[in-house]
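Undergrad: Prediction below, plus the sequence it came from.
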Amino acid sequence: MMCKIINNNFINNEIFRLDFVWKAAQTKLAAPQAGQFFMIKPKQSAVFLGRPISVAKWEPNTVTFLIALRGQGTQELAIMRNGEEAELIGPLGNVWADFLSTVENGDKKPIALIGGGIGIAPLNALLYETSARRFDLYAGFRTGFKSEEEKSALLGAANQANKIVIATEDGTDGHKGRIPDFLEPEQYAAVCACGPEPMLKAVAAKCRAAAVPCFVSLEKRMACGVGACLGCAVKTVSGNRRCCADGPIFKADEVIFDE
């Protein structure tokens, strides 16, 4: 489906925000849910395939994405102007809500959301979407925010969280260190995480030691986005699975992380 851009602005040197007109009711498509993604490609593009981008926020007529500059496909998106069109295929993938519905929580503990860098986007979507649960947000970055505007744009729905913990590797904002170091899983009914694989591996290990359910949204290169090409294989205890069609969210104790 071709959609028009109504906003394109850089949050910092590496991450930009795109807002598209996207009217689910008029297209008879299902509304996006937190955890899902779209394959996105500009109408005029030198690349053959779209890029998988997680939904950061959805409203009745608008869908929002936070995108990191990583290659030609995202660079093409970064220079698009308001009114130009891109192809959006989706929403694709599974959703956080289905995993959280399996969590037993007689103690009424909150859910921990752990985001590393651009991995904060699908967790923002969950905060916007869900008001019936209490969430604590953990956000990790390489360096600190240069302004309150940048902080607000990246953390998005953080004001919906019960508690916010920020860590930066250089110590310029929040705690100094990597965000998994500040997580105590036993305080939570479950943990949802998205970010670089080393971060996910560390979070999964802490949750496993504490016997706390952990769900991870994986970042993989994709080609088709619908499971046909088998180009985004995820190693699991039950064999290879497809990040696009079987994920991108998986139970952490089923994923075999690279050494």
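TA: Looks like it came in fine. Numbering: from 1, shown residues only.
Undergrad: Quick one: name whatever helix or strand follows the least confident helix or strand in the chain by mean pLDDT.
TA: Lowest mean confidence among the helices and strands of the chain (mean pLDDT, DSSP states H and E): helix 24-27, at a mean of 62. Going down the chain from helix 24-27, the next helix or strand is strand 37-42, by DSSP states H and E.
Undergrad: How about residues contacting that following strand?
TA: With contacts defined as Cβ atoms under 8 Å, 6 or more residues apart in numbering, strand 37-42 is touched by 18, 32, 47, 49-55, 63, 65, 73, 76-77, 80, 84-93, 122, 222, 225, 248. (C-beta placed from N, C-alpha, C; glycine too.)
Undergrad: 6 Å instead, please
TA: 50-54, 76, 80, 86-90, 92-93, 225 (Cβ atoms under 6 Å, 6 or more residues apart in numbering).
Undergrad: So how do I select the buried members of those residues in ChimeraX?
TA: Here is the ChimeraX command that selects the buried residues among the contacts of strand 37-42 (16 or more other Cβ atoms under 10 Å):
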select :50,51,52,53,54,76,80,86,88,89,90,92,93,225
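Undergrad: Minimum pLDDT in the contacts of strand 37-42, which residue is that?
TA: The weakest per-residue confidence within those falls on Gly225 (76).
Undergrad: Now do the contacts for it.
TA: Per Cβ under 6 Å, 6+ apart, neighbours of Gly225: 39, 52, 92, 244.
Undergrad: Might you report the residue contacts of the third one?
TA: The contact partners of Leu92, by Cβ under 6 Å, 6+ apart, come to 37, 225.
Undergrad: Look up how far Gly174 lies from the residue lying closest to Lys146 once chain neighbours are set aside.
TA: Spatial nearest neighbour of Lys146, chain neighbours left out: Asn12 (6.6 Å); criterion: Cβ to Cβ, 6 or more residues apart in numbering. Computed with Cβ to Cβ, to the nearest Å, the distance linking Asn12 and Gly174 is 16 Å.
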